Every structure is written in structure tokens, then in C-alpha cells.
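*Asks:* When you get a sec, could you give me coordinates for this:
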Amino acid sequence: MIKILYVGNYLKSQRNNISSIHVLGDLLSSEGYEMTFTSAQTSKILRLIEMVSDVVKQKDQIDIVIIDTYSTLNFYFALIISQLCRYLKIPYLTNLNGGNMPHRLKNNPYLSSLIFRNSYYNVAPSEYLIKAFKDYGYGRLLYIPNTLKIDHYPFQTRLFDAPRLLWVRSFSKIYNPRMAIEVLKILRETFPTSTLTMVGPDSDGSLKDVKESAKQKNVKVNFTGKLSKQEWTELSKNHNIFINTTNFDNTPVSVIEAMALGLPIVSTDVGGMPHLIDQEIHGLLVPPNNPQAMADAIVRIFKNQELRNFVISNARSRAEQFDWEEVKVKWKVILGERLEIRD
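*Replies:* The predicted model follows:
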């Protein structure tokens, strides 16, 4: 069986949400691939050192390296590891993450080319990123969506008496969590008993600002901190709308999970979201930084039962397309290609 070194943010702490390396890595392990993961170091410097060390130590034992690649500081981790792989003649593929990746391609064309023009494949979880990379002339692109095990997300019929909003993300400025507070404040003009639960760890200090905003607007919000997938999906039973307020996005797994659970989605129309959600078919999309538009969309869902039932049903069907039993076939094809080349 093919041996894979998976390089990414393997942290498991209260400050970090589960990332691709945890989800995809565990699923590939379940299929019998021999997986090694790096790195779980909290310090970014120590994390990079361990990543480099593991690549060098395992260069003769591994068949391919998967590199989780982001547009943030971790972009430079991917740059270093990819070039090390080139030097050691180890094939690597990039697993692209983050809705802001096109800005990285624009702002760092030379460094981007070093990574993406020399990879075995550039795997993107959305057609949005595929198009962005094609626009900059990149090849070896393959669309493999983010995935989940659909049987872990039972569909539930919900009561729509008053909005009970659920927000699931890390508290980071790019995800615009303060907008959720503004949406709740506006909603209470129509539905005075509206509630909001915000699930996720603090990433950049935004949680403090969001709590202060809620206090200033005199709205009570349930801040749970980081929860496991099982915990927040259980919590979702008491909610009836999922909101996504981000300014940059790709195809977040949390939104796909909410679609699977039967929560109607109201999201900002950014990044890969319109590739995931067709307007008024799988959910409702609104302009970014527009809490009034999001509140209006939520009210519309509550007042239009036909539309609500339509988007909920279609969203569940859409989510089923991301089931691991469907997605794993694509991973097996490209990893199988690598095994044939090696043999």
C-alpha cells in the first residue's frame, strides 16, 4: 500500500478547529493507506523544523507527500516543504485551502509558481479555486471536494417559530463574526425572541471584540467555545438557521455539515460559496458586510414555507454528494496513479 506523509497543521487544542489534515488524513488511514502526519508542534518555528525533519528522515520510505496549502503564513511552510521535496526528488501534491488563495497567486506570483507548477497535482475543494488557478495559467488541477461521512449527520425536521441562529467557525476577522451580532440585533425587531449561538475557538483575539459588541448592543449570545463535531451537531438540534458571515471563503465543511443536518443556510456571497450554494436552491446568499440583507433573508425563510422546504431538501441532496464513499474514489485514482508510476 502507498505510504503518505501528510504535512499540515496537526494541532489538537482548544484554540484550533479541526483542519483538513485531521479529516482527510483519518479517512485515508481508514482506507488502508500508511499515513504519517506532521506537525503537532504549537510553536510555529518548531512546527516548521519538525516538518522539514520528518520529510528528510522519511524520504526513502514515503511514496508521496500531501501538503495542506493556505493563503496565510502557512503558505510559506508549503513553499519550504515543496522545495525540499523537489530537492529530495519526492513527489508532492498540494491540498488547497482558503478562499483568499487567489490573492496569494496575484501578490506572490513567483513563489506561487515554485509550489504549484512543480506539484504532482494541485487538489482544490471547489470549482472557485479551480477557476482561479486556471486564470493564472496553472495546470495539474483536480477538483476533489471537502468530504464528510453523511451517516454521521442525520437529517432533522425543525420547528420554525422564531429564529434560533447557529454560527460555527473560529473567531477570526476574515470570518467577520461581529456581523452575526448585528444580524441578531436587527432580527429582534421582527422576532423579539431570536437567539444566536456561536461555536468556535478564538483565533486572533476577535472573540473579545464580538463579546463586547454583543454587550454594547444589549443582545445575549451563547458563546460555547470550541466543540467537537459530535457536540456541535447535537447542539444544532435546538437551532433552525445556519449563518455564515465570512468575507473570504472556499467551501467550508461546517456549511456542508449544516446542509446535511437540515439547517437552512444563509451565507455571504463570497469566494466558493456560490459554487456550493445556488441562490434559492440550496440556500440564500447575501452581499458581504450587509447584516440587514442577511436578516431580511432569514425573515424570508421564516415567512415562506415553500421556499424553506425547497432549499432544505435540495441542500441535503447536495451534501450527500460530499459523502466520503463518493469522494474517496477520486483520491484513490490519483494515489493509484502515483503507485503505478513508482512501480
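
*Asks:* Any idea which helix or strand in this protein has the lowest mean pLDDT?
*Replies:* Counting by mean pLDDT, DSSP states H and E, the chain has its least confident helix or strand at helix 324-342, which shows a mean of 82.

*Asks:* what packs against that one?
*Replies:* Applying 3 or more C-beta pairs under 8 Å, 6 or more residues apart in numbering; DSSP states H and E, we find helix 324-342 packed against helix 20-30. (Glycine included, C-beta is placed from N, CA and C.)

*Asks:* Just want the angle from the helix it packs on to helix 324-342.
*Replies:* Interaxial angle, helix 20-30 versus helix 324-342 (axes from the mean of the first three to the mean of the last three C-alpha atoms, to 10 degrees): 80 degrees.

*Asks:* Name the residues of helix 20-30 that are buried.
*Replies:* 20-25, 27-28 (16 or more other C-beta atoms under 10 Å).

*Asks:* doesn't residue 230 make contact with residue 18?
*Replies:* No: contact between residue 18 and residue 230 fails when scored by C-beta atoms under 8 Å: they sit 11.5 Å apart.

*Asks:* Between these two, point out the one with more neighbours.
*Replies:* Neighbours of residue 18 and residue 230, each counted by other C-beta atoms under 10 Å, are more numerous for residue 18; the result is 15 against 9.

*Asks:* Give me the secondary structure label for that one.
*Replies:* coil (DSSP: H, G, I helix; E, B strand; the rest coil).

*Asks:* Now do the same contact list for it.
*Replies:* Residues in contact with residue 18 (C-beta atoms under 8 Å, 6 or more residues apart in numbering) are residue 229.

*Asks:* Look up how far residue 254 lies from it.
*Replies:* As defined by C-beta to C-beta, to the nearest Å, residue 18 lies at a distance of 10 Å from residue 254.

*Asks:* returning to what we had before: so which of the buried residues of helix 20-30 comes closest to residue 160?
*Replies:* residue 23 (30.8 Å; C-beta to C-beta).

*Asks:* Please enumerate the helices of this protein.
*Replies:* In the chain, the helices defined using DSSP state H lie at 20-30, 44-57, 74-88, 101-107, 109-116, 127-135, 178-187, 206-216, 229-235, 253-261, 273-276, 291-303, 305-320, 324-342.

*Asks:* Run through who's touching the shortest one.
*Replies:* With contacts defined as C-beta under 8 Å, 6+ apart, helix 273-276 is touched by 126-128, 244, 249, 251, 255-256, 267, 282, 285, 318.

*Asks:* Buried residues of that helix, list them for me.
*Replies:* For helix 273-276, burial by neighbour count (16+ other C-beta under 10 Å) applies to 273, 275-276.

*Asks:* Dump the residues you listed to TSV, plus pLDDT and distance to residue 133.
*Replies:* As requested, the buried residues of helix 273-276 are exported to TSV (pLDDT from 0 to 100; distance: C-beta to C-beta, whole Å):
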residue	pLDDT	distance to residue 133
273	95	18
275	92	14
276	95	18
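
*Asks:* which one among those residues gets closest to residue 174?
*Replies:* Out of these, the member with the shortest distance to residue 174 (by C-beta to C-beta) is residue 273, at 13.7 Å.

*Asks:* Could you report the distance from residue 337 to residue 82?
*Replies:* Distance of residue 337 to residue 82, computed by C-beta to C-beta: 19 Å.

*Asks:* distance of the spatially most central residue of the chain from residue 190?
*Replies:* Closest to where the C-alpha atoms of the chain average out (C-alpha atoms, centre = their mean) is residue 252, at 3.0 Å. Applying C-beta to C-beta, the value for residue 252 to residue 190 is 28 Å.

*Asks:* do residue 24 as well
*Replies:* 41 Å.

*Asks:* Same question for residue 38.
*Replies:* 50 Å.

*Asks:* The two: which has the busier surroundings?
*Replies:* Using other C-beta under 10 Å as the criterion, residue 38 and residue 190 rank with residue 38 on top: 22 against 15.

*Asks:* Correct me if wrong: the more buried one contacts residue 6.
*Replies:* Yes: using C-beta under 8 Å, residue 38 and residue 6 qualify as a contacting pair, with a distance of 7.4 Å.

*Asks:* so what's the residue nearest to the centre of the chain up against?
*Replies:* By C-beta under 8 Å, 6+ apart, residue 252 lies in contact with 146, 169, 244, 246.

*Asks:* which residues touch the first one?
*Replies:* Spelled out, it's residue 146. Contacts for residue 146 (C-beta under 8 Å, 6+ apart) come out as 20, 23, 125, 251-253, 256, 322.

*Asks:* Any chance of those residues in CSV with distance to residue 328 and pLDDT as columns?
*Replies:* Output for the contacts of residue 146, formatted as CSV (distance: C-beta to C-beta, whole Å; pLDDT from 0 to 100):
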residue, distance to residue 328, pLDDT
20, 15, 86
23, 12, 90
125, 14, 92
251, 17, 88
252, 20, 90
253, 16, 91
256, 16, 96
322, 11, 96
